[in-house]
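Asks: Build the 3D model from these lines:
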Amino acid sequence: MTTSNPEAARLPLGASEPLGGLGGVPTIDADPFGHDILEDPSEFHEQLRGAGRVVYLSRYDVFAMGRYADVRAALVDWQSFQSAAGVGLSNFKYEKPWRPPSLLLETDPPHHDAPRVVLSSILSVRALRKLRDGWMADAEQLVGDLAERATGKVLEIDGYADLAAAFPIRVFPDAVGVGQEGRENLLPYGDHLFNAFGPSNDLVQKGAERIGDISTWVNAQCARDALTAGGFGEAIWAAADRGDITHEQAPLIVRSLLSAGVDTTVHGIAAVLHAFASHPHEWDALRGDRDRIRVAFDEAVRWESPVQTFFRTATTDVQIGDVTIPEGRKILMFLGAANRDPRRWDNPDVYDLARDPSGHVGFGMGIHQCVGQHVARLEAEALLHALLDRVCRIEIAETPERHHNNTLRAWKSIPLRFHLS
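Replies: Coordinates of the predicted model:
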């Protein structure tokens, strides 16, 4: 295979000649939303990074980036790479979104500013301190209840269902002010939301039948009279009363918490559990130094990248190296590929507690960086503390099973064996 980009010669998977009509941009024909790549994207990510700074994905007529430096720079440059045209494959300039756009993810300044300021204050590290003791106690109770199922000193559980999914659904809706009834809708709602950022494939169609009813339930929880006192939701409505945001914006901001604040945390916690089960020496290291708990979670987010991709749209002709991305074209940012770029990380495929994972793009970067990342860190911290109190070793009990999603690196089941202290 000949190409104007010598690095693109390492593209056996679905690769083709660069398109001359696009200025010699290296081209990949493989489907990044296909089940084979969703099951294990590592080979595709390596080929994407090796192809060049910018690649053309012919299957969807979009550009793509997989190298850390370029992905990070684009995420920070909201003026050139806008979110307001949608962070999925659909272009909101020409296509009507299936639900009102997110005021956090799918707007840019100035429309993005007020909602971001309000939510950043409500979810700040300082504001979350009042939740810490309660979440620690909830995590201890959850792990303690599971430990009662142990046979001797051995406990076998599904790390995904029994811990990663169970704990956020237990504590986060309480913090928002959502009642108990109907919480089972939150995970399928988020699953469909993140699927809808990709193409209208079988994964989207799978959730289409139920999404109407589920969306109706979610939207109902965002109303002022549906929210319990003292939660994030009430604080958002109070901000509307002060005039910091409008009353029309308030339910949409509450909805952002329920759509982007559940599945991402669930799969982030699942990632750290899988990391320790597959790297048992790192669990030993954490038991010896609990001060590394937050590093442990962030390294898992870097290593696994629960949010794998987001789109941006060029607001003008953007020059990156020898490639010009034309105005109005979609660019697919591969956060997962960037977080394992060997140009940025030593031994990037290894989960390593000795690493400083700061700077990873697993939570995004720039003004659209995940506003709820401190909430996710606190949930993970509470659960890991509870496990450290009782568990001396974590092992894979049976082969884990992936859940495919167009945007998320997700799990269906992680059978684990805990050896109790």
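Asks: so residue 313 is in which element?
Replies: strand 309-314 (DSSP states H and E).
Asks: Over to residue 179?
Replies: Applying DSSP H and E, one finds residue 179 in no helix or strand.
Asks: tally of neighbours for residue 343?
Replies: Neighbourhood size, residue 343 [other Cβ atoms under 10 Å]: 11. Every C-beta, even on glycine, is put in place using the N, C-alpha and C of the backbone.
Asks: Please apply the same query to residue 109.
Replies: Residue 109 - counted by other Cβ under 10 Å - has 12 other residues nearby.
Asks: now residue 287
Replies: Residue 287, neighbours per other Cβ under 10 Å, totals 14.
Asks: rewinding a little: just give the strands next to the strand holding residue 313 in its sheet, each with its orientation.
Replies: strand 81-82 (antiparallel), strand 330-334 (antiparallel) (DSSP bridges).
Asks: show me what contacts the spatially most central residue of the chain?
Replies: Residue closest to the average C-alpha location in the chain (Cα atoms, centre = their mean): residue 307, at 2.8 Å. Contacts for residue 307 (Cβ atoms under 8 Å, 6 or more residues apart in numbering) come out as 194, 264, 335, 362, 363, 364, 407, 408, 409.
Asks: Would you mind checking those for buried ones?
Replies: 194, 264, 335, 362, 363, 364, 407, 408, 409 (16 or more other Cβ atoms under 10 Å).
Asks: Could you give the separation of the helix or strand where the last one lies from the chain centroid?
Replies: In this assignment (DSSP H and E), residue 409 forms part of strand 409-413. Counting by Cα atoms, centre = their mean, to the nearest Å, strand 409-413 is centred 12 Å from the centre of its parent chain.
Asks: do you know how far residue 276 is from residue 346?
Replies: Distance, residue 276 to residue 346, using Cβ to Cβ, to the nearest Å: 20 Å.
Asks: So between those two, which is more surrounded?
Replies: Counted by other Cβ under 10 Å, residue 276 and residue 346 do not tie: residue 276 has more neighbours, with 27 against 8.
Asks: On the three-state scheme, that one is what?
Replies: helix (DSSP: H, G, I helix; E, B strand; the rest coil).
Asks: Isn't it up against residue 394?
Replies: Yes - the pair formed by residue 276 and residue 394 meets the contact definition of Cβ atoms under 8 Å, at 4.9 Å.
Asks: Spit out the residues that contact those two alike.
Replies: What both residue 276 and residue 394 touch, as defined by Cβ under 8 Å, 6+ apart, is the set residue 283.
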